[in-house]
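Colleague: I would like the atomic coordinates for the input below:
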Amino acid sequence: MIMNELSENDLFLILTKDARCPLLSGTEVLEDFNGRCMMAAEPARGEYGLTSPLSNRRLVIEIDALDNSMINKHIVKGDVLKVRTHVNVRDGDVVLAVVNGKSTVRALYCDDDDNTWLVPQNPDYEPVLMTDENQGEIVGKVVDLNRNDLSVNYKELSEPVRKSKLKMVKPKVITDEKISWVIRTIGPSITIARMWFAVFRPMTQVGAFPPKAYDSFANRVIMELPNHEKLPDASELQRFDTLSFAKEVSKWDPDNALVSGSRFYKYKDIGERTLALLLADFENSRETPEKLPKTLRKMSDFD
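Modeller: Prediction:
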C-alpha cells in the first residue's frame, strides 16, 4: 500500500498548512529505484522539498504530532515523528496519511471487507475510513520519534501532590521559647562542660540550631544559665562533633565515640532526655518536671 499521487511539493504544502513543521532529515538518504542516492537537506524557506512524485524516491520526513490521538502508543502532542515514505505498510503500522487534504497519524487496519481504516489509539478519537471519495492516501510509516517536551500538565500534578501532603507528618516547630525551656531543664544534669555536646547534638537534630552552630549554641546556654558552673566552650563542642557523635543520638555507639564506659552512657542519657523534651507535646515554657507525663518525667529527673 504505497502512495503514488501526491508530489513532494504537494505533500509539504499540506503538512505545512497543518502546522506539522515538515523537514527533510539532514542525515537520512534519499534513494530512487535505480539505486542512486542523494543526501536529504532541510528545504529552504519558502520551498517544500523536491518536486518529483513520491513514487520515485524514498524520503525521510520529520513532522510534529498535533494531538494525543495516539497517546496509548506513547505518541503525544508535540513529539517529533520521523516518517519514511515509499515503504510497504501493513496492519498495525503507525502511518502518516492524507485524508481530504489534511494529514493524520493513525494505526493502519484493513478489515475483512478490504476496507482500509486509520485507527486512533485514544478512545476520545474516531477511526477514519479511507475511500476514493475522501481521497485517502498513505504517505509513509512512522519509524521513530523524539520527545522534545517532557513536561506534564499542571492539573495532572496538583492532585497527587495534594494527597501526598495529607500523608506527610509535619515537622514539629521548635520555638525559641522551647529551646530556652530545654536548656534550663537539662542544665542541672551537666556536671562537665563538654557534656553540653549531648544537648547540642539533639538540638541540631530537630533543627533548633544549624549543624555547625557551636558558637551560637554556647552563647545561648551562657545567656540562659549565666551562673552555671560548667558552661560550654565552642571549640570543645566542635572537637566532640566526630565519629558516632556526629550522627543522630539513636546512632551513638560506645565503640566509636570520644568517650567510653559509663561516661558514654551518661552522654547518651542526656542526649535522649534532651531529644524527648524537644519533641514533647506540651506547653513547654510553663511546665515543670512535676507536671510532665510520667514517661517523660522520668527522663527529665535531675541527677
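
Colleague: State the mean pLDDT of stretch 187-204.
Modeller: What stretch 187-204 shows for mean pLDDT is 96.

Colleague: Pull the residues that contact it.
Modeller: By C-beta atoms under 8 Å, 6 or more residues apart in numbering, the surrounding residues in contact with stretch 187-204 are 174, 179, 182-183, 186, 209-211, 213-214, 217-218, 221, 224-225, 228, 230-233, 236-237, 240-241, 245, 248-249, 266-268, 270-275, 278, 302-303. C-betas here are computed from N, CA, C, even on glycine.

Colleague: All the helices of the stretch 101-250 of the chain, residue numbers only.
Modeller: 154-167, 176-186, 197-205, 214-224, 234-240 (DSSP state H, counting those that start in this stretch).

Colleague: Only the buried residues of the last one, if you could.
Modeller: By 16 or more other C-beta atoms under 10 Å, the buried positions in helix 234-240 come out as 234, 236-237, 240.

Colleague: Drop anything exposed from the contacts of stretch 187-204.
Modeller: 174, 179, 182-183, 186, 209, 213-214, 217-218, 221, 225, 228, 231-232, 236-237, 240-241, 245, 249, 266-268, 270-275, 278.

Colleague: which residues in the protein form strands?
Modeller: In the chain, the strands defined using DSSP state E lie at 23-24, 29-32, 37-39, 57-58, 60-64, 80-85, 94-99, 102-110, 116-119, 128-130, 137-146.

Colleague: Any idea which of the ones you listed has the lowest pLDDT on average?
Modeller: Looking at the strands of the chain, the lowest mean pLDDT belongs to strand 37-39 (a mean of 34).

Colleague: rewinding a little: could you export the buried residues of helix 234-240 as CSV, including distance to Lys167 and pLDDT?
Modeller: Shown next, in CSV, are the buried residues of helix 234-240 (distance: C-beta to C-beta, whole Å; pLDDT from 0 to 100):
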residue, distance to Lys167, pLDDT
Ala234, 40, 96
Glu236, 42, 95
Leu237, 37, 96
Phe240, 37, 96
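
Colleague: Redo those residues as TSV? Include distance to Lys17.
Modeller: Shown next, in TSV, are the buried residues of helix 234-240 (distance: C-beta to C-beta, whole Å):
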residue	distance to Lys17
Ala234	74
Glu236	78
Leu237	73
Phe240	75
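
Colleague: for the nearest residue to Ala65 once chain neighbours are set aside, phi and psi?
Modeller: Using C-beta to C-beta, 6 or more residues apart in numbering and skipping the chain neighbours, the partner closest in space to Ala65 is Asp79 (4.3 Å). Per-residue torsions, Asp79: phi -70, psi 150 (degrees, to the nearest 10).

Colleague: who touches Asp79 in this structure?
Modeller: 64-65, 145-148.

Colleague: what two of these are the furthest from one another?
Modeller: Asp64 and Arg147 (11.6 Å; C-beta to C-beta).

Colleague: quick one, which of those two is more surrounded?
Modeller: When neighbours are counted by other C-beta atoms under 10 Å, Asp64 and Arg147 differ, and Asp64 comes out ahead with 18 against 12.

Colleague: How many residues are close by Val128?
Modeller: Per other C-beta under 10 Å, the neighbour tally for Val128 reads 18.

Colleague: what's the spacing between Ala276 and Val87?
Modeller: Distance check for Ala276 against Val87: by C-beta to C-beta, to the nearest Å, it reads 73 Å.

Colleague: and those two? which has more neighbours close in?
Modeller: Between Ala276 and Val87, counted using other C-beta under 10 Å, Ala276 has the larger neighbour count: 18 against 15.

Colleague: Would you check how far apart that one and Ile270 are?
Modeller: Distance from Ala276 to Ile270, by C-beta to C-beta: 11 Å.

Colleague: Check Asn227 too.
Modeller: Distance, Asn227 to Ile270, by C-beta to C-beta: 20 Å.

Colleague: same deal with His228?
Modeller: From His228 to Ile270 the distance is 14 Å (C-beta to C-beta).

Colleague: same check, this time on Ala107
Modeller: From Ala107 to Ile270 the distance is 70 Å (C-beta to C-beta).

Colleague: Near Arg184, how many other residues are there?
Modeller: By other C-beta under 10 Å, the residues close to Arg184 number 14.

Colleague: same question, the one 5 residues further on
Modeller: Ser189 is surrounded by 18 other residues when neighbours are defined as other C-beta under 10 Å.

Colleague: same question, the one 10 residues further on
Modeller: Neighbour count of Val199, defined by other C-beta under 10 Å: 26.

Colleague: mind listing what Leu237 touches?
Modeller: The neighbours of Leu237, taking C-beta under 8 Å, 6+ apart as the test, are 194, 196-197, 200, 214, 217-218.
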